[in-house]
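Peer 1: A structural model of the following input is requested.
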Amino acid sequence: MATSRFFLITLAVALSSCSHAFVTPAVPALIARLTPLMMFTGIVEEMGTIVSLEERDDMPLWDGSKGKGTELVVKADVVMEGAYLGCSICVSGVCLTATELSETDSTFKAGLAPETLRRTYLGDMKAGGMVNLERASEIGGRNSGHFVQGHVDGVGTVKDRWIDEDSLFYKIETSPDVLRYIVAKGFIAIDGASLTVCDVNTEESWFTFMLVEYTQKKIVIPAKMKGDKVNLEVDVLGKYSESALASIMPRLEALEAKVTSLEKQLSSQKD
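Peer 2: Residues are numbered from 1 along each chain as shown. So this is what the prediction gives:
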């Protein structure tokens, strides 16, 4: 079932990337039905405050024993509405599971796995720091952003920033492994915010984006200065498309080779 689901998703995404007339509006709808019911949109709901980030040696494990781990406590408001134990909350681009909720001080706790600490900059955060927050949304409704999983692909570094009238521009440097999926005018989630890429420079490994005046007031990015880190999640549709094409291309190349061979045979028979 998982294999067939993945095949259908990749096929649907590959078709949606084409410009052929047979691609219909039903393709994005198919993707929505096949992907998990709950994802994020990249439309940040509020900015939360980190209460604490600490390593503990008494984290409960699956077998009832205690182990070492990292726990994050965030004070929030909007995302606490409707929150429940085990729900997903996007914290500056990282999908985290709420392990404890407190109505008295309006906070939630979440554990940070070693993979999360390796892939993101959350482990460098300090008490008092601000984070973007968004609750998971059910796919099928209106989405003013794009499909955001909360699965960070890598970290970028602010290389430059400048003001263009009422817009704030950023230049972000990142690794080639991440940059390969970033395209001009495409989607990208930066610290969990759905934004549009402006320019891409593959030789120097950087891309730019800009924030309109309204967005500047709603997310934590404007506080980022040169040298600061941002969490990056590329558009998952691009990765699905690459995976789909990777499985299809060998067959197309083999088919093309057979057609070429037949053309040569027919040509030789005419001669």
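Peer 1: What about residue 80, how many residues nearby?
Peer 2: 21 (other CB atoms under 10 Å). Bear in mind the C-beta positions are built from the backbone N, C-alpha and C, glycine included.
Peer 1: For it, which non-adjacent residue is closest in space?
Peer 2: Nearest residue to residue 80, sequence neighbours excluded (CB to CB, 6 or more residues apart in numbering): residue 106, at 5.5 Å.
Peer 1: you'd agree the one you found is up against residue 78?
Peer 2: No: contact criterion CB atoms under 8 Å: residue 106 and residue 78 do not qualify, at 10.1 Å.
Peer 1: where exactly do the helices run in the stretch 151-271 of the chain?
Peer 2: Per DSSP state H, counting those that start in this stretch, the stretch 151-271 of the chain carries helices over the ranges 176-179, 213-216, 236-270.
Peer 1: So which of those helices is nearest residue 138?
Peer 2: helix 236-270 (17.2 Å; CB to CB).
Peer 1: List the buried residues in the closest one.
Peer 2: 236-238, 240-241, 243-244 (16 or more other CB atoms under 10 Å).
Peer 1: could those residues go into TSV alongside pLDDT?
Peer 2: Output for those, formatted as TSV (pLDDT from 0 to 100):
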residue	pLDDT
236	80
237	79
238	77
240	75
241	78
243	76
244	77
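Peer 1: Residue 236 versus residue 248, what's the distance?
Peer 2: Separation of residue 248 from residue 236 (CB to CB, to the nearest Å) stands at 18 Å.
Peer 1: do the same with residue 91
Peer 2: From residue 91 to residue 236 the distance is 19 Å (CB to CB).
Peer 1: coming back round to it: and the residue nearest to residue 80, what does it touch?
Peer 2: 75-77, 80 (CB atoms under 8 Å, 6 or more residues apart in numbering).
Peer 1: Residue 96 too?
Peer 2: 72, 88-90, 110-112, 116, 150.
Peer 1: Now do the SS call for it.
Peer 2: With DSSP: H, G, I helix; E, B strand; the rest coil as the basis, residue 96 sits in strand.
Peer 1: If the nearest residue to residue 226 once chain neighbours are set aside is in a bridge, with which residues?
Peer 2: Counting by CB to CB, 6+ apart, residue 226 lies nearest to residue 158, which is 5.3 Å off, once chain neighbours are set aside. For residue 158, the beta-bridge partners under DSSP bridges are residue 172.
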